[in-house]
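[1] need a structure here:
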Amino acid sequence: MEDESTTLPAEEQYDLAKVGARWQQEIERAQRYFKSWVDRCTKIEKIYLQQNDQQSAKRRFAMLWANISVLQPAIYARVPQPVVERRFKDAQPVARMASELVERNLSYTSEDADLDSVMRSVRDDFLLCARGSVWLRYEADFAPLDMGVEPSDGPGMPAGGGSPLEEITDERICIDYVHWSDFLHSPARRWKDVTWVARRVPMTDGEFDKRFPEGREYIAANGAGSNHGTNQTERAQNEGKIYVWEIWCKTEDYTVWIADGCPVALEVSEPPLKLKGFWPCPRPAFGTMSTSSLIPVPDYVYYQGQCDEIDLLTKRINKLTDQLRLKIFYPSGDGAVSPAIEKAMRPENDTVMVPIPEWAAFSDKGGSKAVVTLPIDDVQKVIVACIEARKQLIEDVYQITGISDIVRGDTQASETATAQRIKSQWGSIRIRDRQAELARFARDIVNLAGEIICDQFQPETLMLVSGIQLPTAQQKQQVEMQIQQLQMAQQQAAQRAQQMGQPTPPPQPPQLPPEVQKMMEQPTIDEVVQLLRNDSVRGFRIDIETDSTIEPDEDAEKQRRMEFVQMVGGFMQQAGAIAQQTPMLVPVMVETLLFAARGFRAGRQLENTLEQVGAQLSQAATAPPQPPEPTPQDMINLKTTQIKADAEQMKAQTGLAQAQIEHRTTIEQARSDMAAQALQQYQAQQPAYQ
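    As a prediction, the model looks like this:
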């Protein structure tokens with residue numbers, strides 16, 4: 001929550017009357033600056049919708065509508081796919097997780113804000129009026145914060161008074177389409193020289209009173225805010241609406257809200273969003289412009305003369321076609337033509353019967369006495385000539401607009417595939433330029449949305465929208481404390497065993513559940529949010545997927561996938577043979593494969609998998625060689641060798657024991673012989689003593 005003591009009310013910082021008078025003059029000056037362009041676009045829109053004259057519209061050739069219908073799907077057909085990548089692709093898990101969170105939030109935002117319908121409206125304004133624009137807003141829903149205790153000053157109020165404490169329950173990004181007549185900016189030659197931008201917002205009475213509780217008196221006093229419109233449709237759309245201008249001034253660093261035609265500002269405040277480029281809108285999608293001003297020129301201006309001639313020829317062809325009816329001339333008067341014959345000559349309503357009172361004079365000038373029909377061969381020739389002239393004018397329009405025959409699907413059977421490909425390549429250069437302009441506009445929208453997400457979204461919103469659950473720093477600290485406690489318990493058990501003279505058990509790493517182990521390997525949401533807040537989008541490159549805004553070419557997509565598969569297959573065959581001979585080259589081959597895969601748009605989905613597999617292969621190649629797994633025959637041979645060795649050892653031990661027994665027997669025999677010899681000597685000496 002902001003410190004309200006440091007934020008002064010707007011009326012104390014600015015004089016609302018002076019600010020309102022100044023910006024009312026700025027808006028009027030900008031409206032005069034763009035008046036000729038607005039009048040031109042209004043006429044073009046009426047021609048596109050066939051609203052000029054209902055009677056003459058039936059006789060018009062819908063050239064503008066036909067061209068717009070061809071160009072609409074050619075320059076934009078699908079919602080852009082956001083892609084968020086790290087600007088420096090190094091191994092940083094926090095940056096990688098942050099980019100994935102932002103990319104998933106942008107994908108959800110494009111669906112929630114209905115970016116596809118917004119881009120289609122911008123595309124139509126871009127083709128008709130040569131300018132399309134949008135406006136981005138950040139919205140959040142709040143609810144009273146549950147503190148668990150009742151404050152002393154009453155429910156929902158903090159201690160000591162003040163506003164009730166609130167928490168964000170939901171937040172989103174709104175992408176508003178701005179009609180070409182509701183967008184204004186300061187007159188300038190280049191977009192970087194623009195000092196302020198503004199949009200006109202229609203509000204109902206309830207929306208206005210909720211947004212500006214004290215603004216009703218300013219409007220009532222000045223009779224401002226209403227816009228009755230110039231026709232019945234506009235009056236019906238503007239009924240009950242109050243038009244308010246939202247102005248962002250870059251030089252003054254504030255925003256102003258002022259009712260249309262009101263000399264007093266409704267609100268003056270700091271910008272609600274701190275954006276890198278200040279503007280809450282991207283540079284508009286401009287069509288044809290010069291370097292002299294930012295007033296675009298609609299494409300219809302360049303072939304309006306041809307369209308007028310086409311309409312003139314179409315009217316002439318229609319009138320001449322009306323003449324292609326059977327016209328019969330017959331003498332008038334009683335008895336001139338039998339009633340039965342006259343009835344027979346009126347089989348259809350398209351048949352025109354022309355009675356000639358002076359039939360004698362008519363027949364003297366070339367007619368006959370019988371019934372005469374008007375020849376229509378000359379009329380048919382004139383119609384054919386008009387159709388040919390109109391066809392040439394249509395071809396001129398196609399040359400001016402750059403719509404080649406291959407784009408319109410009009411080709412000749414005699415043309416080769418190479419000729420058609422060359423015509424398609426060179427005939428669609430200007431169309432590709434328009435595609436690039438709308439792709440740039442979509443990329444700027446995604447960049448602004450990404451910047452708002454990085455600066456404004458809460459950690460809970462980032463994880464909820466993306467579907468990725470990351471641990472908090474507190475959760476990781478709790479797990480680390482538990483691991484430390486387990487390690488301390490193991491150390492104490494080892495010390496007790498040592499004191500009791502028991503063998504000390506070897507230290508065992510703590511066994512964590514798989515989900516806890518996975519959580520410890522991930523970065524915390526606090527680290528990710530800190531990176532997003534500090535680095536914002538500077539550390540990331542937010543882009544849209546290549547060719548994601550135009551209709552895909554299925555054959556080209558299949559060809560790219562086949563080329564990617566062939567490249568990977570051939571590389572793997574060559575790399576496998578090299579890896580077996582020189583394992584140290586595996587990391588080099590992995591980086592080479594990733595370098596080649598990133599060049600294919602079809603390989604983007606497999607890039608992460610290739611990185612993981614490549615890391616495992618590199619680690620396995622640089623690790624010390626492991627002994628090969630023994631086969632069953634090797635196991636039998638090993639067992640036989642071990643048995644033989646055991647038998648030899650037993651035999652050696654038996655021989656050693658037998659030798660020891662024989663040695664002991666020899667010693668005992670020697671002792672017995674010595675004792676017997678001594679006894680004999682004693683007995684031999686005994687008689688002599690007697």
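[2] Check the average confidence over stretch 500-509, would you?
    Model confidence over stretch 500-509 averages 68 on the pLDDT scale.
[3] Apologies, that question was intended for stretch 105-112.
    The predicted model assigns stretch 105-112 a mean pLDDT of 91.
[4] Give me the below-cutoff pLDDT ranges for the stretch 551-690 of the chain.
    By pLDDT under 70, the weakly predicted segments of the stretch 551-690 of the chain are 551-558, 597-639, 642, 656, 663, 682, 685-690.
[5] one more time with 50
    Counting by pLDDT under 50, the stretch 551-690 of the chain contains low-confidence residues at 604, 688-690.
[6] Tell me the confidence at residue 297?
    Value for residue 297, per-residue pLDDT: 94.
[7] Ok, residue 465 next?
    As predicted, residue 465 sits at a pLDDT of 89.
[8] wouldn't it be in contact with residue 105 here?
    Yes: using Cβ atoms under 8 Å, residue 465 and residue 105 qualify as a contacting pair, with a distance of 5.0 Å. C-beta: built from backbone N, CA, C; applies to glycine.
[9] Which of those two has more residues huddled nearby?
    Set side by side, residue 465 and residue 105 show more neighbours around residue 105, with 24 against 20, by other Cβ atoms under 10 Å.
[10] For the host helix or strand of the more buried one, list every residue counted as buried.
    Assigned by DSSP states H and E, residue 105 belongs to helix 93-112. Applying a neighbour-count criterion of 16 or more other Cβ atoms under 10 Å, the buried positions in helix 93-112 are 95-99, 101-110.
[11] Looking at those, which is nearest residue 588?
    For residue 588, the nearest member of the buried residues of helix 93-112 is residue 96. The distance, counting by Cβ to Cβ, is 23.1 Å.
[12] mind checking how far that closest one is from residue 518?
    Residue 96 is 15 Å from residue 518, where distance means Cβ to Cβ, to the nearest Å.
[13] mind listing the strands for the stretch 451-600 of the chain?
    Shown for the stretch 451-600 of the chain, the strands assigned by DSSP state E, counting those that start in this stretch span residues 540-544.
[14] Strands along the chain, start to end?
    82-86, 131-144, 166-178, 183-185, 196-204, 241-249, 254-259, 267-269, 285-286, 327-331, 352-356, 372-373, 540-544 (DSSP state E).
[15] Compare the ones you listed and report which one is nearest to residue 453.
    With Cβ to Cβ as the criterion, residue 453 lies closest to strand 166-178 of the strands of the chain, at 7.0 Å.
[16] buried sites along the closest one?
    Using 16+ other Cβ under 10 Å as the burial criterion, the residues of strand 166-178 that qualify are 171-173, 175, 177-178.
[17] Stretch 448-461 too?
    If you call a residue buried by 16+ other Cβ under 10 Å, then stretch 448-461 has these buried ones: 448-457, 459, 461.
[18] of all those residues, which comes closest to residue 569?
    Of all the buried residues of stretch 448-461, the one sitting nearest residue 569 is residue 450; the distance, using Cβ to Cβ, is 36.7 Å.
[19] wait, isn't that closest one in contact with residue 107?
    No: at 11.1 Å, residue 450 and residue 107 do not qualify as touching, with contact defined as Cβ under 8 Å.
[20] what sits in contact with each of these two?
    With contacts taken as Cβ atoms under 8 Å, 6 or more residues apart in numbering, the residues that reach both residue 450 and residue 107 are residue 82.
[21] Now residue 120: closest residue in space that isn't a chain neighbour?
    Here the nearest residue to residue 120 in space, its sequence neighbours aside, is residue 76; by Cβ to Cβ, 6 or more residues apart in numbering that works out to 6.9 Å.
[22] tally of neighbours for residue 206?
    For residue 206, the neighbour count with other Cβ under 10 Å is 9.
[23] residues touching it, list them.
    The neighbours of residue 206, taking Cβ under 8 Å, 6+ apart as the test, come to nothing; the list is empty.
[24] List of residues touching the helix holding residue 105?
    Outside helix 93-112, the residues within contact range by Cβ under 8 Å, 6+ apart are 79-86, 115-116, 172-173, 175, 446, 449-450, 453-454, 457, 461-463, 465-468, 470, 522-523, 527-528, 531-532, 539-540, 542.
[25] How about stretch 266-278?
    Under the criterion Cβ under 8 Å, 6+ apart, residues 10, 13-14, 16, 19-20, 138, 212, 215, 218, 244, 248, 250, 253-259, 280, 448, 451-452, 455-456, 536-537 lie in contact with stretch 266-278.
[26] Quick check: buried residues in it?
    Counting neighbours by 16+ other Cβ under 10 Å, stretch 266-278 gives 266-268, 273, 275 as buried.
[27] Adding pLDDT and distance to residue 440, write these out as a markdown table.
    Formatted as a markdown table, those follow (pLDDT from 0 to 100; distance: Cβ to Cβ, whole Å):
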| residue | pLDDT | distance to residue 440 |
| --- | --- | --- |
| 266 | 90 | 34 |
| 267 | 90 | 33 |
| 268 | 92 | 33 |
| 273 | 91 | 21 |
| 275 | 89 | 18 |
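[28] Take those and lay them out in TSV including distance to residue 48.
    Formatted as TSV, the entries for these read as follows, by distance: Cβ to Cβ, whole Å:
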residue	distance to residue 48
266	35
267	37
268	39
273	35
275	35
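[29] between those residues, which is closest to residue 142?
    Checking the buried residues of stretch 266-278 against residue 142 with Cβ to Cβ, the nearest one is residue 273 at 17.5 Å.
[30] Distance-wise, check the closest one relative to residue 382.
    Spatial separation of residue 273 from residue 382 under the definition Cβ to Cβ is 65 Å.
[31] thinking again about what came up before, export only the CA atoms of the helix holding residue 105, formatted as PDB.
    The C-alpha trace of helix 93-112 is given here as PDB (Å, rounded to 0.1, in the frame of the first residue of the first chain):
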ATOM      1  CA  PRO A  93      17.700 -22.100 -13.600                       C
ATOM      2  CA  VAL A  94      16.200 -18.900 -12.100                       C
ATOM      3  CA  ALA A  95      16.200 -17.100 -15.400                       C
ATOM      4  CA  ARG A  96      14.900 -20.100 -17.300                       C
ATOM      5  CA  MET A  97      12.000 -20.600 -14.900                       C
ATOM      6  CA  ALA A  98      11.300 -16.800 -15.000                       C
ATOM      7  CA  SER A  99      11.100 -16.900 -18.800                       C
ATOM      8  CA  GLU A 100       8.700 -19.900 -18.800                       C
ATOM      9  CA  LEU A 101       6.500 -18.200 -16.200                       C
ATOM     10  CA  VAL A 102       6.200 -15.000 -18.300                       C
ATOM     11  CA  GLU A 103       5.600 -16.900 -21.500                       C
ATOM     12  CA  ARG A 104       2.700 -18.900 -20.000                       C
ATOM     13  CA  ASN A 105       1.200 -15.800 -18.500                       C
ATOM     14  CA  LEU A 106       1.400 -14.000 -21.900                       C
ATOM     15  CA  SER A 107      -0.300 -16.900 -23.600                       C
ATOM     16  CA  TYR A 108      -3.100 -16.800 -21.100                       C
ATOM     17  CA  THR A 109      -3.400 -13.000 -21.400                       C
ATOM     18  CA  SER A 110      -3.700 -13.100 -25.200                       C
ATOM     19  CA  GLU A 111      -6.700 -15.500 -24.800                       C
ATOM     20  CA  ASP A 112      -8.300 -13.700 -21.800                       C
END
